[in-house]
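# quick one: sequence and predicted model below, then my questions.
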Amino acid sequence: MKKYVQVGCGFRGIGTYSCPIVKKYSDCAEFCGVYDINRKRATLVSEFAGKEIPVYDDFDQMLKEVKPDAVIVTTKDCDHDYYAIRAMKAGCDVISEKPITTTFEKALSIKKVQEETGKNVTVTFNLRFHPFFRRIKEIVSSGVIGKILSIHYEWMLDTEHGADYFRRWHREYKNSGSLLVHKSTHHFDIANWLLEEEPLYVNAFGTKCFYGPTREKRAERCLTCPYKNSCEFYLDITADEQLRKIYYDCEDADGYYRDRCVFADEIDIEDSVSVNVAYSGGAVMSYSLTAHSPYEGMRLCLNGTEGRMEIATVYRGGIGYDIKSEQTVKIYNRQGEEINIMIPEKSGAGHGGADDELLDRLFRYPNSPDPLNQHADLRAGLMSAAIGIAAGLSMKEKRQVAISEFFEELK
């Protein structure tokens, strides 16, 4: 039985990893300790998991005492490198939430230490395990549309989901690297996974036109805002028990407000972006992300040597892959004839069933066959993050960015 510890005890960290390990995987995984810069938040793990989990005040001390097999990293994105590197140097494997990191400098540091230590780094791209995307991968792998030549990819976040990134720490480049790193890393990974190619060149444009200081009626946070009765973005952080316990009740320990105003001056990430990517095998991709759409969903078109695949999803009534989603897949051959295919039934469990399978593969069946290459290693994490980081650099410096500027093996 392997031993695990976790660093970072926010909503996703506790709900996706801490509680399931204790409640579902205790026969094959031993959860031995947690650390968070906010100790009050770390102590909540025991309450939510229903079992006393040791809380440590020092990350290195936790590694020294527990000697875990693996460290689960679910901190702010900008801190992933710090904990992953210390874990590997202590002899531990790493399971990191996406993105693997937020800058090329940090990415290269993680890569260097992984090569020196030989430790395993897994990046948890749960979309690879979503039944819908798994089916897309199977269809592409079958060769029905041939070699993919180009991708048109659009992702829409509605003003429930999208706005939430502008309330939290994600709203600053220094913390998240922008939505192109924090959120789009999922989408770039799907593209890389389907293509089985690596990105070479990136060019991008972006704007911040919906969120940020676009409204006069604003305040520091929702809870004390004088305009909360008329603002459509008002979030009552005390109304949800988990949000209240994990964030509001822990504010006095670190001063972090989970409900900051989405129209604040300090917001410096884009809410609308357009990215072009050229790949090692000759494919090209055009990608856009809108964080203020009236509805949630995506459109993905794959143009191949033998045909075209058109994929669309629309999510209604909730964040993410809920049971009310609409999913369509159409395939056309070179004669323009539509080819009928089967797509999976919708699922509402754990990010649409993706998290459940991901955790099974991580903790119960880590050595199971992986014919679709769903397990994402460090390289996959680096190449996905590289597109988002390069896009940010492209916007800042107004130029095309070559990934080989940072990863010489891509020259």
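That came in fine, so what should we check first?

# on the pLDDT front, check His351 for me.
For His351, the pLDDT comes out at 59.

# ok, Asn373 to Val7 distance?
Asn373 sits 27 Å away from Val7 when distances are taken as CB to CB, to the nearest Å. (C-beta placed from N, C-alpha, C; glycine too.)

# ok, these two, which is more surrounded?
Neighbours per residue, other CB atoms under 10 Å: of Asn373 and Val7, the larger number sits with Val7, 27 against 13.

# list phi and psi for the more buried one.
phi -120, psi 120 (degrees, to the nearest 10).

# same question for Gln327.
Backbone torsions of Gln327, given as degrees, to the nearest 10, read phi -130, psi 130.

# tell me which element the residue lying closest to it once chain neighbours are set aside falls in.
Spatially, and ignoring its direct neighbours in sequence, Gln327 is nearest to Thr313 (5.1 Å; CB to CB, 6 or more residues apart in numbering). Following DSSP states H and E, one finds Thr313 within strand 307-315.

# wait, doesn't His186 sit right on Phe129?
No: His186 is beyond contact range of Phe129, at 11.7 Å (criterion: CB atoms under 8 Å).

# who does the helix or strand containing Val94 pair up with?
Using DSSP H and E, Val94 falls within strand 93-97. In the sheet, strand 93-97 lines up against strand 70-73 (parallel), strand 121-124 (parallel) (DSSP bridges).

# so how far is Leu179 from Arg215?
Counting by CB to CB, the gap from Arg215 to Leu179 is 20 Å.

# same drill for His186 and Phe129, tell me which one is more crowded.
More neighbours surround Phe129 than the other of His186 and Phe129, with 25 against 17 (other CB under 10 Å).

# okay, now Gly255: neighbour count?
Counted with other CB under 10 Å, Gly255 comes out at 8.

# and the pLDDT at it?
96.

# how about it, what does it touch?
Applying CB atoms under 8 Å, 6 or more residues apart in numbering to Gly255 gives no contacts.

# and if you look at Cys225?
Per CB under 8 Å, 6+ apart, neighbours of Cys225: 218-219, 231, 234, 261.

# what about 6 Å?
Ala219 (CB atoms under 6 Å, 6 or more residues apart in numbering).

# next one: it from Glu251, what distance?
Applying CB to CB to Cys225 and Glu251 gives a distance of 16 Å.

# could you give the mean pLDDT of stretch 20-38?
Mean predicted lDDT for stretch 20-38 stands at 98.

# list the buried ones in stretch 291-302?
Buried residues in stretch 291-302, counted by 16 or more other CB atoms under 10 Å: 291-293, 296-302.

# which residues touch Lys40?
Contacts of Lys40 were listed using CB under 6 Å, 6+ apart, and they are 250, 253.

# part of a strand, is it?
No: assigned with DSSP: H, G, I helix; E, B strand; the rest coil, Lys40 falls outside any strand and is helix.

# would a markdown table of the strands paired with strand 93-97 with mean pLDDT, distance to Tyr257 and mean neighbour count be doable?
As requested, the strands paired with strand 93-97 are exported to a markdown table (pLDDT from 0 to 100; distance: least, CB to CB, whole Å; neighbours: other CB atoms under 10 Å):
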| stretch | mean pLDDT | distance to Tyr257 | mean neighbour count |
| --- | --- | --- | --- |
| strand 70-73 | 98 | 23 | 26 |
| strand 121-124 | 98 | 27 | 25 |
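
# closest one to Gly143 among the ones you listed?
If you check each of these against Gly143 by CB to CB, strand 121-124 wins as the nearest, at 27.5 Å.

# what is the subsequent helix or strand relative to the closest one?
By DSSP H and E, the next helix or strand past strand 121-124 is helix 131-142.

# now the next helix or strand after that next one: buried residues?
Later in the chain than helix 131-142, the nearest helix or strand by DSSP H and E is strand 148-158. Across strand 148-158, burial judged by 16+ other CB under 10 Å covers 148-149, 151, 153-158.

# circling back: neighbour count winner among Arg215 and Leu179?
Leu179 (26 against 13).

# check contacts around that one.
Ile269.

# what angle do the longest helix along the chain and strand 93-97 make?
In the chain, with assignment by DSSP state H, the single longest helix is helix 378-397. Angle, helix 378-397 to strand 93-97, by axes from the mean of the first three to the mean of the last three CA atoms, to 10 degrees: 40 degrees.

# okay, helix 378-397 in CSV with CA atoms only?
The C-alpha trace of helix 378-397 is given here as CSV (Å, rounded to 0.1, in the frame of the first residue of the first chain):
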residue,chain,number,x,y,z
LEU,A,378,5.5,15.5,-17.1
ARG,A,379,6.2,15.9,-20.8
ALA,A,380,2.5,16.2,-21.5
GLY,A,381,2.1,18.7,-18.7
LEU,A,382,5.0,20.8,-20.0
MET,A,383,3.8,20.9,-23.6
SER,A,384,0.3,21.9,-22.6
ALA,A,385,1.5,24.7,-20.2
ALA,A,386,4.1,25.8,-22.8
ILE,A,387,1.3,26.8,-25.2
GLY,A,388,-0.4,29.0,-22.6
ILE,A,389,2.9,30.5,-21.3
ALA,A,390,4.1,31.2,-24.9
ALA,A,391,0.7,32.8,-25.7
GLY,A,392,1.1,35.2,-22.8
LEU,A,393,4.6,36.0,-23.9
SER,A,394,3.4,36.5,-27.5
MET,A,395,0.8,39.0,-26.3
LYS,A,396,3.3,40.8,-24.0
GLU,A,397,6.0,41.1,-26.6
